[in-house]
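Student: build me a structure from this.
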Amino acid sequence: MSNNLTLQIINELTKFRLTLSVVFSSFISYILGSESINFIDLTYLLTGGILIVSSSNIFNQIIERDLDKLMNRTKNRPLPNNKIKINTALLLAITTGVLGIILMYLINIKVAILAAVSIFLYTAIYTPMKLVSPLAVFVGAIPGAFPFMIGWVAATNEIGIEGITLFLMQFFWQFPHFWSIGWSQSEDYKKAGFKMLPTGKKDKSTSAQILFYSIWAVIISIVPSFGITGNLRLSLFGLIFVIILGVFLVYKSYLLFIDGNNENAKRLMLTSIVYLTLVQLTFLLDKVLLI
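Tutor: Have a look, this model is predicted:
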């Protein structure tokens with residue numbers, strides 16, 4: 001067993017590309033909440049965010065290292081393959097977590113608390129709960145939605161209706177996203193005993209819930225256009241574009257409901273990624289163009 005940390009191993013342990021996509025949402029919401037950009041705070045936010053998400057991912061892989069051996073999608077990760085010692089991975093997880101929380105604290109205490117809670121929920125509750133109940137996805141959706149709220153809190157030092165709205169946008173979005181992954185990878189998840197789908201099966205009840213939460217993700221994303229979410233706003237043009245994006249998300253969810261094959265699940269998963277990214281960019285451009 002190797003004890004050497006290479007860039008490739010760090011990349012695999014931290015799921016670095018996924019980590020960057022998560023931190024991207026914090027960047028967007030920071031800009032949305034900022035009257036003027038504090039580049040020091042923004043640097044703390046992005047660096048701290050990368051460290052926090054990386055820490056959660058490493059802890060997750062440490063806990064699931066034996067189960068990862070059973071699944072095709074995870075069997076080549078560093079820990080199942082003995083590319084790195086557990087103690088080394090644990091040290092890396094603790095170090096990145098502590099440094100991340102410190103950087104968040106330098107912004108404000110609220111951001112640091114949210115970051116700490118995020119690591120705890122993901123590592124101590126969501127990860128072991130996947131073996132026990134499909135409700136794990138609901139628990140995991142909480143830390144998964146924190147980054148979009150954290151950026152706003154970093155910029156304003158307040159959670160408020162704006163931060164809650166941003167949280168809910170990403171919270172509801174996660175169900176069609178992760179359940180579509182759980183649908184297409186269900187056989188692999190069963191090998192490890194993970195309970196990822198709400199009914200445990202690829203049935204109409206599961207696909208109906210995916211459709212239900214897709215609709216709610218779209219509803220929450222258009223609420224800022226009604227002027228009831230404080231300083232978080234969306235113009236008429238932004239509203240139209242978000243609705244168009246929402247139609248695609250709901251349509252792909254509907255196709256999975258009509259025909260529950262794996263290809264429809266994969267298409268929904270890809271659509272959900274595009275949807276969230278473009279919705280976030282729409283809010284960003286909307287603010288920039290309205291200034």
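Student: what comes up buried for stretch 200-208?
Tutor: Lys202, Thr206, Ser207 (16 or more other CB atoms under 10 Å). Backbone N, C-alpha and C define where each C-beta goes, glycine included.
Student: for Asp41, what are its contacts?
Tutor: Going by CB atoms under 8 Å, 6 or more residues apart in numbering, Asp41 touches Tyr30, Leu106, Ile107, Ala154, Ala155.
Student: give me that answer again for 6 Å
Tutor: For Asp41, the residues meeting the contact criterion (CB atoms under 6 Å, 6 or more residues apart in numbering) are Ile107.
Student: helix/strand/coil for it?
Tutor: For Asp41, the assignment made with DSSP: H, G, I helix; E, B strand; the rest coil gives helix.
Student: and Val132, how far from Pro147?
Tutor: 26 Å (CB to CB, to the nearest Å).
Student: the two: which has the busier surroundings?
Tutor: Neighbours of Val132 and Pro147, each counted by other CB atoms under 10 Å, are more numerous for Pro147; the result is 27 against 11.
Student: give me the element that one is part of.
Tutor: Taking DSSP states H and E as the definition, Pro147 sits inside helix 136-156.
Student: tell me how far that helix lies from the chain's centre.
Tutor: Distance, stretch centre to chain centre, for helix 136-156: 8 Å (CA atoms, centre = their mean, to the nearest Å).
Student: what separates stretch 171-185 from the chain centre, distance-wise?
Tutor: 11 Å.
Student: give me the contact list for it.
Tutor: 137, 141, 144-145, 196-197, 202, 210, 213-214, 216-217, 220, 253, 262, 265-266, 268-269, 272, 276.
Student: cool, stretch 195-204 as well?
Tutor: Ser133, Pro134, Gly182, Trp183, Ser186, Tyr189, Ser205, Thr206, Gln209, Gly260.
Student: quick one: buried ones out of those?
Tutor: The buried subset of those (16+ other CB under 10 Å) comprises Pro134, Gly182, Trp183, Ser186, Tyr189, Thr206, Gln209, Gly260.
Student: look up the closest residue to the fourth one, ignoring the ones flanking it.
Tutor: Just to be clear, that refers to Ser186. Lys202 (5.9 Å; CB to CB, 6 or more residues apart in numbering).
Student: related to what we said a few turns ago, out of the contacts of stretch 171-185, which are buried?
Tutor: 137, 141, 144-145, 196-197, 202, 210, 213-214, 216-217, 220, 253, 265-266, 268-269, 272, 276.
Student: next secondary structure element downstream of the strand or helix carrying Ile181?
Tutor: In the assignment (DSSP H and E), Ile181 maps to helix 160-184. For helix 160-184, the succeeding helix or strand toward the C-terminus, using DSSP H and E, is helix 186-192.
Student: just the buried residues of that following helix, please?
Tutor: With burial defined by 16+ other CB under 10 Å, the residues of helix 186-192 counted as buried are Ser186, Asp188, Tyr189, Ala192.
Student: check the residues you listed and tell me the two furthest apart.
Tutor: Ser186 and Ala192 (11.4 Å; CB to CB).
Student: ok so, going back, kindly indicate which of the buried ones among the contacts of stretch 195-204 lies nearest Val247.
Tutor: Closest approach to Val247 among the buried ones among the contacts of stretch 195-204 (CB to CB): Gln209, at 19.4 Å.
Student: report the contact partners of that closest one.
Tutor: Pro198.
Student: secondary structure class for it?
Tutor: helix.
Student: quick check, pLDDT for it.
Tutor: Per-residue pLDDT puts Gln209 at 97.
Student: ok, it to Phe175 distance?
Tutor: 7 Å.
Student: where exactly do the helices run in the chain?
Tutor: Along the chain, the segments classed as helices by DSSP state H run 7-14, 16-33, 39-63, 65-68, 86-107, 109-120, 127-129, 136-156, 160-184, 186-192, 204-222, 236-258, 262-290.
Student: now the second one and helix 7-14, what's the angle there?
Tutor: Translated: helix 16-33. 60 degrees (axes from the mean of the first three to the mean of the last three CA atoms, to 10 degrees).
Student: what lies in contact with helix 16-33?
Tutor: By CB under 6 Å, 6+ apart, the list of residues contacting helix 16-33 from outside reads 45-46, 49-50, 53-54, 147-148, 150-152, 154-156, 166, 280, 284, 287.
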